[in-house]
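**Student:** Next one to model:
(one chain, ligands or ions: 1)
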Amino acid sequence: MITRRTALLGAAVAALVATAPALAAEDLTMPGPLMVVHEGDYVEVTLVNPETNTMPHNIDFHAATGGLGGGALTHVNPGEQVVLRWKATRTGTFVYHCAPDGMIPWHVVSGMHGTVMVLPRDGLKNREGKPLRYDRLYYIGENDLYVPKDANGKYKSYETPGEAFADTTEVMRKLIPTHVVFNGKVGALTGKNAMTAKVGETVMIVHSQANRDTRPHLIGGHGDYVWETGKFINPPQKDLETWFIRGGSAGAALYTFRQPGIYAYVNHNLIEAVELGASAHFKVEGEWNNDLMKQVKPPGPIPPGKSSAADPAVQTR
Ligand SMILES: [Cu+2]
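**Tutor:** Residues are numbered from 1 along each chain as shown. Purely as a prediction, here's the structure:
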């Protein structure tokens, strides 16, 4: 089977400028789309670099074999397009990213990356070889951004992506991101954009980071089955609290929700989650299970004579 996709990665470079409201086309996503194919499929990708762009682009598919993952055969200048076909011989979740000579990291941290998921023909399996299924799939593409600031600490904007190159490179070289976001921006997956599920449903979470390490954590839940390195031929790990996605890879986790509520799904470097943006929400409907958790007594005054003085370990001042 041939899976055909058209990728418009290039235009996302303007997002680097962070102030380009004209870019509203639905294809211009950051990260690029999750492409789902099956083991043995031929994946045919048309990479379009619109005339209005100013940079060359290409795609390195980590799932592909040879030619810089396709990067050597997909180099297109503005006004050009190219068609690449590669065979999906390995199963799992794999990053793809732009990689033009001389500006690879700049393009990657500008959002030009995504994930291919190659599903095994005979399905996902647990350690014992029993089938694993999911009801919903969510893709979270994490991105570290390095947006230059002016002398007053205000984020700078530029007329063209090229003009931002030198300043952005200077910020990048310090390795301190100004933003760490899921799916392109702060709030892309929170509030009214929250991911949804029902109690009893199993959710597959594919999480990629094309440049930098991250450590997903579902607050109040777990990773029931986690392919931390994202490669389905390896048995999934069980019952993880936090998992590790190496920069330049994508991982996959399955979780069956057992309680309703709002769950935060974060990068458990909590500074990156809370201060820099790497937070998402799951909104889960269903019945609360008191056996799993119950507030036995609501908060109230400490009863007299029950001072914590007897137990220094719980004494607080
Ligand atoms: Cu590019």
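**Student:** Can the helix ranked longest in the chain be said to contact the ion?
**Tutor:** Longest among the helix segments of the chain by residue count, using DSSP state H, is helix 161-173. No - for helix 161-173, no contact with the ion is found by CB under 5 Å from the ion; the gap never falls below 9.6 Å. In this view, the C-beta of every residue, glycine as well, is placed from N, C-alpha and C.
**Student:** now for the helix or strand following that helix, which elements pack on it?
**Tutor:** Next in sequence after helix 161-173, counting helices and strands by DSSP states H and E, comes strand 179-182. Counting contacts by 3 or more CB pairs under 8 Å, 6 or more residues apart in numbering; DSSP states H and E, strand 179-182 is packed against strand 136-145.
**Student:** repeat that for 10 Å
**Tutor:** If contacts are counted by 3 or more CB pairs under 10 Å, 6 or more residues apart in numbering; DSSP states H and E, strand 179-182 sits against strand 136-145, strand 261-267, strand 279-285.
**Student:** Which one of these lies nearest to the ion?
**Tutor:** For the helices and strands packed on strand 179-182, proximity to the ion was assessed by CB to the ion; strand 136-145 is nearest, at 13.8 Å.
**Student:** Buried residues, the closest one. List them.
**Tutor:** Using 16 or more other CB atoms under 10 Å as the test for burial, strand 136-145 gives Tyr138, Tyr139, Ile140, Gly141, Glu142, Asn143, Asp144, Leu145.
**Student:** How about stretch 284-295?
**Tutor:** Buried residues in stretch 284-295, counted by 16+ other CB under 10 Å: Val284.
**Student:** hmm, who's touching that stretch?
**Tutor:** With CB atoms under 10 Å, 6 or more residues apart in numbering as the test, stretch 284-295 has contacts from 194-201, 203, 220-221, 257-263, 296.
**Student:** Pull out the buried residues from those.
**Tutor:** Neighbour-count burial within the contacts of stretch 284-295 applies to Ala194, Met195, Ala197, Val199, Glu201, Val203, Gly220, Gly221, Phe257, Arg258, Pro260, Tyr263; the criterion is 16+ other CB under 10 Å.
**Student:** Ile302: which of the residues you listed is nearest?
**Tutor:** Closest to Ile302 out of these is Gly220 (26.8 Å), distances taken as CB to CB.
**Student:** Which residues are in contact with that closest one?
**Tutor:** So Gly220 contacts Phe257, Arg258, Gln259, Gly261, Ile262, Tyr263, Ala264, Tyr265, Phe282, Val284, Met293 (CB under 10 Å, 6+ apart).
**Student:** tell me the two of these that are most distant?
**Tutor:** Counting by CB to CB, the most remote pair of the contacts of Gly220 is Tyr265 and Met293, 18.6 Å apart.
**Student:** still on that earlier bit, helices or strands up against the longest helix of the chain?
**Tutor:** Contacts defined by 3+ CB pairs under 10 Å, 6+ apart place helix 161-173 against helix 104-109, strand 136-145.
**Student:** can you list these in CSV and add distance to the ion and mean pLDDT?
**Tutor:** Formatted as CSV, the helices and strands packed on helix 161-173 follow (distance: least, CB to the ion, whole Å; pLDDT from 0 to 100):
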stretch, distance to the ion, mean pLDDT
helix 104-109, 4, 97
strand 136-145, 14, 98
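**Student:** Out of those, the one nearest Cys98 is which?
**Tutor:** Using CB to CB, those put helix 104-109 closest to Cys98, at 4.1 Å.
**Student:** residue boundaries of the strands in the stretch 1-150 of the chain?
**Tutor:** All strands of the stretch 1-150 of the chain, identified by DSSP state E, counting those that start in this stretch, fall at 2-7, 34-38, 42-49, 60-61, 80-87, 92-97, 113-119, 124-125, 131-132, 136-145.
**Student:** how far out from the middle of the chain is the last one?
**Tutor:** The chain centroid and the centroid of strand 136-145 are separated by 2 Å under CA atoms, centre = their mean, to the nearest Å.
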